[in-house]
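Asker: with the sequence up front, the predicted model follows.
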Amino acid sequence: MLGAMQDWDLRVTHLIDHAAREHGNREIVTHWADGSETRTTWGEVRLDALKMTQALRKLGVQSGDRVATLAMNHSRHLVSWYGAVGIGGVLHTINPRLFDDQLEYIANHAEDQVLLFDKAFTPIIERMKPKWTTIKHYICFDNGEFEDWIGAEDGQTEWAKGDERDPCMLCYTSGTTGNPKGVLYEHRSTMLHAISGIQPHSFDFDAQAVMLPVVPMFHAASWGLPWGGAACGVKFVYSAVNDPKVLHDLMIREGVTHSAGVPTVWLAMFQHLDATGADLGKLKQAIIGGSAAPRFMVERLMKAGIRVAHAWGMTETSPIGTVGAPSHNWDELSFEEQVDNVCKQGRPLFGVEIRVVSLDDNTVELPRDGKTSGALQVRGPWIIKRYFKAEEDATVDGQWFDTGDVGVIHPDGTLQLTDRTKDVIKSGGEWISSVELENAAMSIPGVAEAACIGIYHPKWDERPILVVVKKPDADVTAEAIKDHLAQHIAKWWMPDAIEFVAEIPHGATGKISKKDLREQFRDYKLVDA
Ligand code: AMP
């Protein structure tokens, strides 16, 4: 027997319908690459997205076809998200920071039909056009091209109908080995993720929220913000440039209450604040994810009265998995304890289950005792089952997805990451956390950046070395770093060497590229080995 409630499929077009109907005049502000600014509304975004579906149909785009974008954060990009899914298509956001080989691979693998791009990325288009074999139509977001294209339509049409399990979005993740892998989100998974992601225990959105998303729309579905924001009629403030001065200026002028970005973004903002003596205005929630939020960052924001939602997730998890939110006993904790709490990766959203398993046998669950670390696995309706076009499921025993991250789960359900499987250093059969070594090193005033990698050692198999970039004019020595580390880590974790470099390599998403760093130190020999 079935229940007796109405059919209302969980398709993401309901989000934009709701935003236009209930929050139609709420603004979307864009600061463009040329310095100009425009304002539109949720109502206009919906109308433009409907026009785009008509324009796509004229190009012959059909349900299920991939419509790609290569663009920064702006209102036309937002329109294109809803236009692409509105025709029943699959929105494929391409990361312009990827390398040519990856760009070539993913657009061809995705079989993209149409590509909408920012003028600033014209050189990429020129370079890649001969290599992209499936893209038939290139439309520039700038120079009035996009507006002319959709402007020829009247918007008198309807969204494509279909199943809620139909795909709506495709994001590739550039893992550390092999070709990038596509994660194919569904309407239903995206909708459930959006509903859970806006709750008070996660991003805490409401109709008063003014959100400046610094996390790019081309990375991990922009943490679901364009979908979740529509559900509550958030005012979005977009910037197509990532200059902290521009971002800060927008924050103050537009009364930004929420912002989201990786730690590097917040670091750049701090530098701007230090240089100008400015504050963060009305900001009340800082969402930090993608990499661990450093303690000094959390502390500084919290001291300014800003709630820090430290989130963990990955492209494969849509991407929100866990978020730090005040615990039930928050008010009884000291400030230091609260900061400690926020530095961990938070607790699962409703809809996500997590567990840690043995690093040697990925089906043996470990206790949630805050001590026993293992491989982090997740499951839920917005967690990947299988990579796009892959023949085999990406899950362990048909259910759990192995994240490649390593951590502990505390008795209250808080996740604390300690490493990644690929970065764990195994010394004498025991694991060393490169993340903890780096965190300890990063808290030394003269250290700008530090990365830890494992180097072959004949006796111990692997030993850690620490690669350090000094802050300009700092005279920090290897001895001083070792003295500091000695206070924070087990003796046998002490790096066998500390190497100073001018720069540490970063990947396309701004994170340290351990793969490249390992490659750089491939022939490195430890002195006592
Ligand atoms: P991506 O798919 O590019 O978003 O990368 C996901 C990976 O980033 C995760 O598997 C983690 O290794 C890392 N990551 C994401 N959020 C955090 C966080 N809050 N703390 C530490 N690592 C994180």
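Answerer: Arrived safely. Numbering: from 1, shown residues only.
Asker: how many neighbouring residues does the closest residue to the ligand within the stretch 51-200 of the chain have?
Answerer: As assessed by C-beta to the nearest ligand atom, the ligand sits closest to residue 173 within the stretch 51-200 of the chain, at 4.7 Å. Just so you know, the C-beta spots here come from the backbone N, C-alpha and C atoms, and that holds for glycine as well. Residue 173 is flanked by 19 other residues according to other C-beta atoms under 10 Å.
Asker: quick check: it touching residue 179?
Answerer: No: counting by C-beta atoms under 8 Å, residue 173 stays clear of residue 179, with 10.5 Å between them.
Asker: what's the burial count for the spatially closest residue to residue 70 that is not a sequence neighbour?
Answerer: The shortest distance from residue 70 to any non-neighbouring residue, by C-beta to C-beta, 6 or more residues apart in numbering, is to residue 117 (4.2 Å). By other C-beta under 10 Å, 22 other residues sit near residue 117.
Asker: measure residue 117 to residue 126 for me?
Answerer: 11 Å (C-beta to C-beta, to the nearest Å).
Asker: tell me the buried residues in the helix or strand where residue 286 lies?
Answerer: Take DSSP states H and E as the rule and residue 286 turns out to sit in strand 285-289. Using 16 or more other C-beta atoms under 10 Å as the test for burial, strand 285-289 gives 285-289.
Asker: between those residues, which is nearest residue 185?
Answerer: Among these, residue 289 lies closest to residue 185 (C-beta to C-beta), at 17.6 Å.
Asker: check whether that closest one really touches residue 312, as I assumed.
Answerer: Yes: counting by C-beta under 8 Å, residue 289 does reach residue 312; the two are 6.5 Å apart.
Asker: next helix or strand past the longest helix seen in the chain?
Answerer: Using DSSP state H to define each element, the chain has its longest helix at helix 42-58. Following helix 42-58 in sequence order, the next helix or strand is strand 66-70 (DSSP H and E).
Asker: which secondary structure elements does the following helix or strand past that following strand contact?
Answerer: Sequence-wise, the next helix or strand downstream of strand 66-70 (DSSP H and E) is helix 75-86. If you count contacts as 3 or more C-beta pairs under 8 Å, 6 or more residues apart in numbering; DSSP states H and E, helix 75-86 packs onto helix 13-22, strand 27-31, helix 42-58, strand 66-70, strand 90-93, helix 145-151, strand 235-239.
Asker: how far off helix 13-22 does the second one point, in degrees?
Answerer: Pointing back at strand 27-31 there. Computed by axes from the mean of the first three to the mean of the last three C-alpha atoms, to 10 degrees, the angle separating strand 27-31 from helix 13-22 equals 110 degrees.
Asker: tell me the contacts of residue 510?
Answerer: Going by C-beta atoms under 8 Å, 6 or more residues apart in numbering, residue 510 touches 97, 262, 264.
Asker: from residue 449, how far off is it?
Answerer: Relative to residue 449, and taking C-beta to C-beta, residue 510 is found at 12 Å.
Asker: now swap in residue 303 and tell me
Answerer: Plainly put, residue 303 is 23 Å away from residue 449 if you go by C-beta to C-beta.
Asker: show me which of these two is the more surrounded one.
Answerer: residue 449 (17 against 10).
Asker: residues from this structure in reach of the ligand?
Answerer: Counting by C-beta under 6 Å from any ligand atom, the chain comes close to the ligand at 173, 220, 289-292, 310-315, 319, 345, 403-405, 417, 420, 509.
Asker: just the buried subset of those residues, please.
Answerer: 173, 220, 289-292, 310-315, 319, 345, 403-405, 417, 420, 509.
Asker: how many residues are close by residue 415?
Answerer: If you count neighbours by other C-beta under 10 Å, residue 415 ends up with 24.
Asker: give me the beta-bridge partners of it?
Answerer: Residue 415 forms beta bridges with residue 346, residue 409, as assigned by DSSP bridges.
Asker: you'd agree residue 136 is up against residue 59?
Answerer: Yes: between residue 136 and residue 59 a contact is recorded at 7.5 Å, counting by C-beta under 8 Å.
Asker: who has more neighbours out of the two?
Answerer: Remark: of residue 136 and residue 59, residue 59 carries more neighbours, 16 against 12, as counted by other C-beta under 10 Å.
Asker: OK, contacts around that one?
Answerer: Contact partners of residue 59, counting by C-beta under 8 Å, 6+ apart, are 113-114, 136-137.
Asker: what sits against the closest residue to the ligand within the stretch 151-300 of the chain?
Answerer: Distances between the stretch 151-300 of the chain and the ligand by C-beta to the nearest ligand atom are smallest at residue 292, namely 3.7 Å. By C-beta under 8 Å, 6+ apart, the contact set of residue 292 is 263, 343, 345, 417, 435, 439.
Asker: quick one: secondary structure of the fourth one?
Answerer: Put plainly, it is residue 417. Residue 417 falls in the strand class when you classify it by DSSP: H, G, I helix; E, B strand; the rest coil.
Asker: isn't it up against residue 403?
Answerer: No: Residue 417 is beyond contact range of residue 403, at 9.3 Å (criterion: C-beta under 8 Å).
Asker: which neighbours do these two have in common?
Answerer: Here residue 417 and residue 403 have residue 376 as joint contacts, going by C-beta under 8 Å, 6+ apart.
Asker: any weak-confidence spans in this structure?
Answerer: 174-178, 422-424, 426, 428-431, 529 (pLDDT under 70).
Asker: residue 411: how many residues sit nearby?
Answerer: 9.
Asker: ugh, typo on my part, it should be residue 114
Answerer: Look at residue 114: counted by other C-beta under 10 Å, it has 24 neighbours.
Asker: each with direction, which strands does the strand or helix carrying it pair with?
Answerer: Residue 114 belongs to strand 112-117 when assigned by DSSP H and E. Here strand 112-117 is paired, per DSSP bridges, with strand 66-70 (parallel), strand 137-140 (parallel).
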